[in-house]
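Engineer: no sequence on this one, just coordinates:
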Ligand SMILES: Nc1nc2c(ncn2[C@@H]2O[C@H](COP(=O)(O)OP(=O)(O)O)[C@@H](O)[C@H]2O)c(=O)[nH]1
Ligand SMILES: [Mg+2]
């Protein structure tokens, strides 16, 4: 069983990607399930096979502990690890080839507290990978690109699993995604774009962060993907295949 954790900033497209990845695999004859790990999800664009909301009820947390929505969401996120064995049992019963985890909307609640890294590390599977979504509507300037790349690197530090960088929502903003892809493939192009917008501290900080990320070996060559048109899903699944099976494709 291979586990894929879909991560990224709030609204970057995690849930919608989860909703297309599962049928992508099942249409190819593999068995795949979608797991919702977001206790605060209001509505989802797919029907989860396993749902953390069956184990953690936000409304009753608010009432029992007299918390507002934010406090309850933090409390609920911290409880995810305590429900690991129940979720593992449900997944094991379904015994899929691929389990796709849709992680909480606000990534800091999952990645920067104890619960998320614990869950990722201790969920039993053959191999695991994370997908980090660079929201194309956020990375439209070079400085924003570097700040989201920094976030991706920090997520990798926290979750300690192979990470695939994806440019989400490539269908939005016309040809904008091509410029972002150029930055992702060519550090010099990104540095030049940073220099063009140069305003003192911003430039110094972002160009130094970029150099350090590159020096540390952090790779963020992006796969441009649209969960609406499904462009890029072949490339994404091929990259997952390389991580899981050394390139062997899913059986037709
Ligand atoms: N046009 C377009 N919209 C997208 C894409 N992916 C997500 N969205 C939209 O962006 C919004 C946030 O997506 P969602 O999957 O809920 O983000 P999450 O918070 O990361 O789970 C929703 O309105 C989605 O329909 C995409 O590839 N293309
Ligand atoms: Mg979501």
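Structural biologist: Looks like it arrived, so ask away. This structure is a prediction, so every number in the text was calculated from the model and none was measured. Numbering: from 1, shown residues only. Ligands and ions are numbered 1, 2, ... in the order given.

Engineer: any idea how far residue 189 is from residue 200?
Structural biologist: Separation of residue 200 from residue 189 (CB to CB, to the nearest Å) stands at 22 Å. The C-beta positions use only the backbone N, C-alpha and C, and glycine is treated the same way.

Engineer: so if I had to pick from these two, which one is more boxed in?
Structural biologist: A direct count of neighbours by other CB atoms under 10 Å for residue 200 and residue 189 places residue 189 higher, at 15 against 7.

Engineer: nearest spatial neighbour of the more buried one, skipping sequence neighbours?
Structural biologist: In space, and not counting its chain neighbours, residue 189 is closest to residue 182: 5.0 Å by CB to CB, 6 or more residues apart in numbering.

Engineer: residue 191 is in contact with the one you found, correct?
Structural biologist: No - at 12.0 Å, residue 182 and residue 191 do not qualify as touching, with contact defined as CB atoms under 8 Å.

Engineer: who has more neighbours, these two?
Structural biologist: Using other CB under 10 Å as the criterion, residue 182 and residue 191 rank with residue 191 on top: 19 against 12.

Engineer: list the contacts of the more buried one.
Structural biologist: Residue 191 makes contacts with 207, 210, as judged by CB atoms under 8 Å, 6 or more residues apart in numbering.

Engineer: and with 10 Å instead?
Structural biologist: Residue 191 is in contact with 142, 146, 183, 203, 206-207, 210-211, 214, counting by CB atoms under 10 Å, 6 or more residues apart in numbering.

Engineer: residue 194 contacts residue 210, correct?
Structural biologist: Yes - counting by CB atoms under 10 Å, residue 194 does reach residue 210; the two are 7.0 Å apart.

Engineer: return every residue with contacts to both of these two.
Structural biologist: The contact lists of residue 194 and residue 210 share 142-143, 145-146, 183, where a contact means CB under 10 Å, 6+ apart.

Engineer: got CSV for the residues you listed, with secondary structure too?
Structural biologist: Output for the shared contacts of residue 194 and residue 210, formatted as CSV (DSSP: H, G, I helix; E, B strand; the rest coil):
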residue, secondary structure
142, helix
143, helix
145, helix
146, helix
183, helix
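
Engineer: tell me which of those residues is nearest to ligand 1?
Structural biologist: residue 145 (17.8 Å; CB to the nearest ligand atom).

Engineer: quick one: pLDDT of that closest one?
Structural biologist: Note for residue 145: predicted pLDDT of 94.

Engineer: now residue 115
Structural biologist: 94.

Engineer: what does the one 10 residues further on give?
Structural biologist: The model reports residue 125 with a pLDDT of 97.

Engineer: was I right about it contacting residue 1?
Structural biologist: Yes - the pair residue 125 and residue 1 passes the contact test of CB under 10 Å, sitting 4.6 Å apart.

Engineer: one step back: state the phi and psi torsions of the residue nearest to residue 189.
Structural biologist: Backbone torsions of residue 182, given as degrees, to the nearest 10, read phi -60, psi -40.

Engineer: residue contacts, it?
Structural biologist: Residue 182 neighbours (CB under 10 Å, 6+ apart): 189-190, 193.

Engineer: repeat for residue 71
Structural biologist: Contacts of residue 71 (CB under 10 Å, 6+ apart): 61-62, 65.
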